[in-house]
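*Asks:* give me coordinates for this.
(one chain, ligands or ions: 1)
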Amino acid sequence: MNPTVRIFPTPYELAEKFAEEMVQMIKQAAGSNRTLKIALSGGSTPELLFSILGDHFSKSSPWEYVHFFWSDERCVPPVSPDSNFGMAFRSLFKKIKIPEGNIHRIYGEQEPAKEAIRYSDLINQYTVKREEVPVFDLILLGIGEDGHTASIFPGMNSLFDSEKICEVSVHPVSHQKRITLTGRTINNADRIKFLVTGKNKASILKRILDREKSAQNLPASMIVPVDGSIEWLLDSEAGSLL
Ligand code: 6PG
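*Replies:* Predicted structure coming up:
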């Protein structure tokens, strides 16, 4: 399936429009008394999205119909400025009324291998399965200039094809340990949304969306939904070479 690409004039307009769409999704789920399992990502564009949700939609969304997970997390305590959970808490969770039991952070402060197992078991408890693989209703992703997504970095394709739900990863430069959903789990989602802004992403985006041969083995290139949909939401700078 060809991915849908939507280009917005500015990061704010991208995040504002997607915030409205996310709230619409949550309201529809609430209307049929379903809860959505959403995996959040780290990164600057998700942070803008969370801030808009927290500042403008805190009262207008039935947050109790969402269970929040993460597509990846740095192996740091939640109070660390590096923590993806910490970023989401400051920008969104502290501004909305949501049952604490609906927020399933990755315990970055725990021993990584053990935490990957704990988190995989937790995901198993809360998700339906398709071909025995957990199904998230929505997974948000960013992309690095090197073509990484979540915390699957170039050359770590074993993390992509792993039969596990989560794996321990290591940032190739900082050597910071991470917990990441595997590519198999990500690709099984019903909706995959890449949120990408900034001029520095224009080149990698062109390589990936134009399916250049040199980019075909990059993790972000290998995000191809098994049965769901995929959409790239870009600002004009990130999409400037398309
Ligand atoms: C993380 C993210 C990572 C991020 C990209 C893009 O934990 O850092 O999951 O995959 O989405 O690095 O980050 P920016 O949008 O900030 O460039």
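
*Asks:* which residue packs closest to the closest residue to the ligand within the chain, ignoring adjacent ones?
*Replies:* At 2.2 Å from the ligand, residue 142 is the closest residue in the chain, using Cβ to the nearest ligand atom. Backbone N, C-alpha and C define where each C-beta goes, glycine included. Sequence neighbours aside, residue 43 is the residue nearest to residue 142 in space, at 3.5 Å (criterion: Cβ to Cβ, 6 or more residues apart in numbering).

*Asks:* the one you found and residue 194 touch, don't they?
*Replies:* No - counting by Cβ atoms under 8 Å, residue 194 is not a contact partner of residue 43; they are 10.2 Å apart.

*Asks:* what residues are shared contacts of these two?
*Replies:* Taking Cβ atoms under 8 Å, 6 or more residues apart in numbering as the criterion, residue 43 and residue 194 both touch residue 142.

*Asks:* which residues of the protein lie near the ligand?
*Replies:* Contacts of the chain with the ligand, taken as Cβ under 6 Å from any ligand atom, map to 41-45, 72, 84, 142-144, 148-151.

*Asks:* filter the residues you listed to the buried ones?
*Replies:* By neighbour count, with 16 or more other Cβ atoms under 10 Å, the residues of the chain next to the ligand hold 41-43, 45, 72, 84, 142-144, 148-151 as buried.

*Asks:* export the residues you listed to JSON lines and tack on pLDDT?
*Replies:* Converted to JSON lines, these look like this (pLDDT from 0 to 100):
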{"residue": "41", "pLDDT": "97"}
{"residue": "42", "pLDDT": "96"}
{"residue": "43", "pLDDT": "95"}
{"residue": "45", "pLDDT": "95"}
{"residue": "72", "pLDDT": "98"}
{"residue": "84", "pLDDT": "98"}
{"residue": "142", "pLDDT": "98"}
{"residue": "143", "pLDDT": "98"}
{"residue": "144", "pLDDT": "98"}
{"residue": "148", "pLDDT": "98"}
{"residue": "149", "pLDDT": "98"}
{"residue": "150", "pLDDT": "98"}
{"residue": "151", "pLDDT": "98"}
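
*Asks:* and the residues you listed as a markdown table, adding secondary structure and distance to residue 181?
*Replies:* As requested, these are arranged in a markdown table below (DSSP: H, G, I helix; E, B strand; the rest coil; distance: Cβ to Cβ, whole Å):
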| residue | secondary structure | distance to residue 181 |
| --- | --- | --- |
| 41 | coil | 10 |
| 42 | coil | 12 |
| 43 | coil | 15 |
| 45 | helix | 18 |
| 72 | strand | 7 |
| 84 | helix | 12 |
| 142 | coil | 13 |
| 143 | coil | 15 |
| 144 | coil | 16 |
| 148 | coil | 13 |
| 149 | strand | 10 |
| 150 | coil | 6 |
| 151 | coil | 9 |
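
*Asks:* which one of those residues is nearest residue 206?
*Replies:* residue 143 (12.0 Å; Cβ to Cβ).

*Asks:* ok, the closest one - contacts?
*Replies:* Residue 143 neighbours (Cβ under 8 Å, 6+ apart): 149, 194, 196, 201, 204-205, 208, 220.

*Asks:* in helices, which of these appear?
*Replies:* 204-205, 208 (DSSP state H).

*Asks:* re the thing from before, now flag whichever of the buried ones among the residues of the chain next to the ligand is closest to residue 5.
*Replies:* For those, the nearest to residue 5 is residue 143 (12.8 Å; Cβ to Cβ).

*Asks:* burial of the spatially closest residue to that closest one that is not a sequence neighbour, as a residue count?
*Replies:* Nearest-residue entry for residue 143: residue 220, 4.7 Å, with adjacent residues in sequence omitted and distances by Cβ to Cβ, 6+ apart. Neighbour count of residue 220, defined by other Cβ atoms under 10 Å: 25.

*Asks:* for residue 220, give me the pLDDT.
*Replies:* Looking at residue 220, its pLDDT is 98.
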